[in-house]
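1. just a sequence and a predicted model for now, questions to come.
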Amino acid sequence: MIKVVKFGGSSLASAEQFRKVKDIVNADKKRRYVVPSAPGKRHKNDVKVTDMLYECYALAEAEGEFKPLLRKIRARYNEIINGLKLNMSLDEEFKVIEENFIQKAGIDYAASRGEYLNGLIMSRYTGFEFIDAAEVVRFRKDGSFDADTTNKILRERLKKSQTAVIPGFYGAQENGHVKTFSRGGSDITGSVVAKACKADLYENWTDVSGFLVADPGIIENPKGIKVITYKELRELSYMGAAVLHEDAIFPVRREGIPINIKNTNEPEDPGTFIVESTCQKPEYTITGIAGKKGFVAVNIEKDMMNSEIGFGRKVLAAFEENQISFEHTPSGIDTFTVFVHQEEFEGKEQSVLSAIHRLAEPDSIDLEADLALIAVVGRGMKSTRGTAGRIFSALAHANVNVRMIDQGSSELNVIIGVSNEDFEQAIKAIYDIFVVTRL
């Protein structure tokens, strides 16, 4: 059995955290491949090393005085090395970084050094072989991730290593130019490594004990989710539930490899298992609640719209012309509504409305701003009658006016539109009706 273990920035922010990580790795010989992030915050007012590197490179690119900040970054790593009593130095690596900053090696190169340096420390501390991600994670010339080439290179490389440390977040193009994933991309590296070695389990270690049913910033001490499917996770992640980078799902999903979200500071907690499918009944009818504020509803009316072939396509073409993506499109017999991000829409609203009139010739268009969308997600909703009714009842009891409701054909989720000002109250009401009253 093989386990790939990825540790987030908070898990590797200090020497104390490194010791916890080593204990976790050594506790199970099946944990053979380690993917580290860059050091995160040591305390609330601290700064992540990746953010320091971005700032440092911006100074270098502007030909400002970047060396003092680079020395501060080096001090962060020396603090970890000295705290672990390791006989190693990163002085040569920092000389190379300084020279590459002067030569304008690129923002991706600068950002990637946080994981690269932490990987060197992790390799020395655990005794695992160090594999530079730039040698095994491939990006195309256009900057897109080359999954197939990466899988081939990485699979062959890992066959030669019983244990290894592979830094997260970055890779390189064929010419050696370093490229990074988007922020949080170490999750993707861990997933890619798990696929390449055909792991039995991908453990993603962070500072929380898995996914929660709702945002703890809104619900006090929300219940944890023991098992969640990839489909449920995608729905919740899209609507703002952020524990795992959503692109990290795809490589392992295709291989049927489960993910276990674990807490470095509470290693005995079971965390959350993310699986392809399960016959385990969920603890509650719903699996989770997530949402976002800041949407606009563009309401289009036209008599006999339902009998006009291509009407929806014409309306959406107006948004495409203006490079605006849409979120949801609930419709009736004579109405068609498009939900879009308000921030993205506001600067182009008149251009969009003009295009809708030109392309679709509606009777009228009405805009409704300052809306929030809430996703209620759960595989248990398929087999439970009256879920939508319970949602409506809970929101009515909480005096929340529902502006939109849309249920997916999979019966996996229900999307609700409410005013921004009712967002928190709506989530509390839904949580109470499905979780609190169930206890």
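-> Received it, and whenever you're ready, just let me know what you need.
2. now residue 20: how far from residue 84?
-> Counting by Cβ to Cβ, to the nearest Å, the gap from residue 20 to residue 84 is 12 Å. C-beta here means a position set from N, CA and C on the backbone, and glycine is covered the same way.
3. residues touching stretch 115-128, excluding its own?
-> Surrounding stretch 115-128, the residues in contact under the criterion Cβ atoms under 8 Å, 6 or more residues apart in numbering are 12, 18, 21-22, 25-26, 34, 36-39, 49, 77, 80-81, 84, 86, 88, 90, 93, 129-130, 132-133, 163-170, 186.
4. just the residues you listed: which are in helices?
-> Using DSSP state H, the members of the contacts of stretch 115-128 that fall in helices are 18, 21-22, 25-26, 49, 77, 80-81, 93, 133, 186.
5. now render these as JSON lines, adding pLDDT and neighbour count.
-> Rendered in JSON lines, the data for the ones in helices among the contacts of stretch 115-128 read as follows (pLDDT from 0 to 100; neighbours: other Cβ atoms under 10 Å):
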{"residue": "18", "pLDDT": "98", "neighbour count": "25"}
{"residue": "21", "pLDDT": "98", "neighbour count": "21"}
{"residue": "22", "pLDDT": "98", "neighbour count": "16"}
{"residue": "25", "pLDDT": "98", "neighbour count": "23"}
{"residue": "26", "pLDDT": "97", "neighbour count": "11"}
{"residue": "49", "pLDDT": "97", "neighbour count": "27"}
{"residue": "77", "pLDDT": "98", "neighbour count": "22"}
{"residue": "80", "pLDDT": "98", "neighbour count": "23"}
{"residue": "81", "pLDDT": "98", "neighbour count": "19"}
{"residue": "93", "pLDDT": "98", "neighbour count": "15"}
{"residue": "133", "pLDDT": "98", "neighbour count": "27"}
{"residue": "186", "pLDDT": "90", "neighbour count": "30"}
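6. identify the residue spatially nearest to the residue most central in space within the chain, adjacent ones excluded.
-> Closest to where the C-alpha atoms of the chain average out (Cα atoms, centre = their mean) is residue 245, at 2.4 Å. In space, residue 245 comes closest to residue 187 once its chain neighbours are excluded; the distance is 3.8 Å by Cβ to Cβ, 6 or more residues apart in numbering.
7. which residues touch the one you found?
-> Listed by Cβ under 8 Å, 6+ apart, the contact set of residue 187 reads 6, 168, 204, 244-245, 247-248.
8. quick one: which of those is nearest to residue 299?
-> Sorting the contacts of residue 187 by how near they are to residue 299, with Cβ to Cβ, puts residue 247 at the top with 33.2 Å.
9. is that closest one in contact with residue 189, as I believe?
-> No. Using Cβ atoms under 8 Å, residue 247 is not in contact with residue 189, being 10.7 Å away.
10. got any residues that touch both of these two?
-> Both residue 247 and residue 189 are contacted by residue 181, under the criterion Cβ under 8 Å, 6+ apart.
11. out of those two, which sits in the more crowded spot?
-> Neighbours around residue 247 and residue 189, counted as other Cβ atoms under 10 Å, are more numerous at residue 189. The numbers are 30 against 16.
12. the helix or strand harbouring residue 369 pairs with which strands?
-> Element membership for residue 369 (DSSP states H and E) is strand 364-377. Sheet pairing of strand 364-377 (DSSP bridges) gives strand 288-301 (antiparallel), strand 413-419 (antiparallel).
13. may I see the buried residues of that strand?
-> The neighbour-count criterion (16 or more other Cβ atoms under 10 Å) identifies 365, 368, 371-377 as the buried residues of strand 364-377.
14. ok, which pair from those is furthest apart?
-> Using Cβ to Cβ, the buried residues of strand 364-377 reach their maximum pairwise distance at 365 and 377, which is 31.2 Å.
15. what about the residue nearest to residue 110 when sequence neighbours are not counted, how many residues close to it?
-> Closest residue in space to residue 110, ignoring its immediate chain neighbours: residue 57 at 3.6 Å, by Cβ to Cβ, 6+ apart. Neighbourhood size, residue 57 [other Cβ under 10 Å]: 25.
16. that's a strand at residue 57, yeah?
-> No. The assignment for residue 57 (DSSP: H, G, I helix; E, B strand; the rest coil) gives helix, which keeps it out of a strand.
17. which intervals of the stretch 101-250 of the chain have sub-threshold pLDDT?
-> Residue ranges of the stretch 101-250 of the chain with pLDDT under 70: 242-243, 246.
18. show me what contacts residue 25?
-> Contacts were defined as Cβ under 8 Å, 6+ apart; by that measure residue 25 touches 5, 31, 34, 126.
19. ok, 10 Å please
-> 3, 5, 7, 31-34, 122, 125-126, 128, 163, 165, 205 (Cβ atoms under 10 Å, 6 or more residues apart in numbering).
20. no more questions from me, cheers.
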